[in-house]
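K.L.:
Below is the sequence, then the predicted model.
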Amino acid sequence: ILNVEQSPQSLHVQEGDSTNFTCSFPSSNFYALHWYRWETAKSPEALFVMTLNGDEKKKGRISATLNTKEGYSYLYIKGSQPEDSATYLCALPRGGANNLFFGTGTRLTVIP
Amino acid sequence: EAQVTQNPRYLITVTGKKLTVTCSQNMNHEYMSWYRQDPGLGLRQIYYSMNVEVTDKGDVPEGYKVSRKEKRNFPLILESPSPNQTSLYFCASSSPSTYSYEQYFGPGTRLTVT
């Protein structure tokens, strides 16, 4: 078991608002951090895999940063749209790249 | 089209009746995993496989078996299902050749055990 915590557990924002949420993890023995988006009735899809301290990744209006020294990653969504409504999961590998441990996720609802 | 397929997508069964959920990927990925998702608990890994004939337990392996006889297939076997195995199951695959090891998930199998 890995101590991966995501906050907040759920979030409601208005369309057009920007938002962010956090994934916290043990800073020792860091290998990589994954972010996934999981829409209702679909399967999780990879957003980013981050490995380097200070790394920043961007995909459209979604971006992520990584601080491996203090053990956290932020996911930002700029100008939220209703289609951004989903659960956002972070995950870290343990021992092997395929042995992922997932956080419980942040459920985002964007209100039109 | 690159994909992970699972069958069946939905299954209602009774306690004790053996069942198999199939998983197949067409991306030639070495790594495959099974997860279950329960409300409030997130995705929990059941078993994973690094390659053919190489499998290992995840966080919640009790009551499940897997096999990896071919690279593309990774079936999940419930020898004697019980109601606490009612859940949403996902199969996933990934490859070290992509460097990122991002996981590609199947569509999910919703299992109900009565």
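P.N.:
Thanks, I have the structure now.

K.L.:
residues in chain A within reach of chain B, list them.
P.N.:
Taking CB under 8 Å from any CB of the partner chain as the criterion, the neighbours of chain B within chain A are A:1, A:32, A:34, A:36, A:42-46, A:49, A:89, A:91, A:93, A:96-105. C-beta coordinates here come from the backbone N, C-alpha and C atoms, glycine included.

K.L.:
Just those: which are in strands?
P.N.:
Within those, residues falling in strands by DSSP state E are A:34, A:36, A:45-46, A:49, A:89, A:91, A:93, A:96-102.

K.L.:
Buried subset of those as a ChimeraX selection?
P.N.:
One line in ChimeraX is enough to select the buried ones among those; burial here means 16 or more other CB atoms under 10 Å in any protein chain shown:
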select /A:34,36,46,49,89,91,93,97,98,99,100,101,102
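
K.L.:
need the residues of chain B near chain A, please.
P.N.:
Counting by CB under 8 Å from any CB, chain B sits next to chain A at B:31-33, B:35, B:40-45, B:48-50, B:56, B:58-59, B:90, B:94, B:96, B:100-108.

K.L.:
One more pass at 6 Å, please.
P.N.:
When proximity is defined as CB under 6 Å from any CB of the partner chain, chain B approaches chain A at B:Tyr31, B:Gly42, B:Leu43, B:Tyr48, B:Ser100, B:Tyr101, B:Glu102, B:Phe105, B:Pro107, B:Gly108.

K.L.:
Show the contacting residues for the fifth one.
P.N.:
The one in question is B:Ser100. Remark: with contacts taken as CB atoms under 6 Å, 6 or more residues apart in numbering or on different chains, B:Ser100 is in contact with A:Val49.

K.L.:
Ok, the first one next?
P.N.:
With CB under 6 Å, 6+ apart as the criterion, the residues that contact B:Tyr31 are A:Asn98, B:Met50, B:Ser94.

K.L.:
The second one belongs to a helix, doesn't it?
P.N.:
No: note on B:Met50: no helix contains this position according to DSSP: H, G, I helix; E, B strand; the rest coil, which reports strand.

K.L.:
Distance check, it against B:Lys71.
P.N.:
Between B:Met50 and B:Lys71 the distance, using CB to CB, to the nearest Å, works out to 11 Å.

K.L.:
In the ones in strands among the residues of chain A next to chain B, find the pair that's most separated.
P.N.:
Taking every pair in those and measuring CB to CB, the maximum separation is 22.0 Å, between A:Glu45 and A:Gly96.

K.L.:
Count the residues that sit near the spatially closest residue to B:Gly63 that is not a sequence neighbour.
P.N.:
Residue nearest to B:Gly63 in three dimensions, not counting chain neighbours: B:Gln85, with 5.9 Å by CB to CB, 6 or more residues apart in numbering or on different chains. Burial of B:Gln85, expressed as a neighbour count using other CB atoms under 10 Å in any protein chain shown, amounts to 20.

K.L.:
B:Gln85 reaches B:Val113, doesn't it?
P.N.:
Yes: in this structure, B:Gln85 is within contact of B:Val113 by CB atoms under 6 Å, at 5.4 Å.
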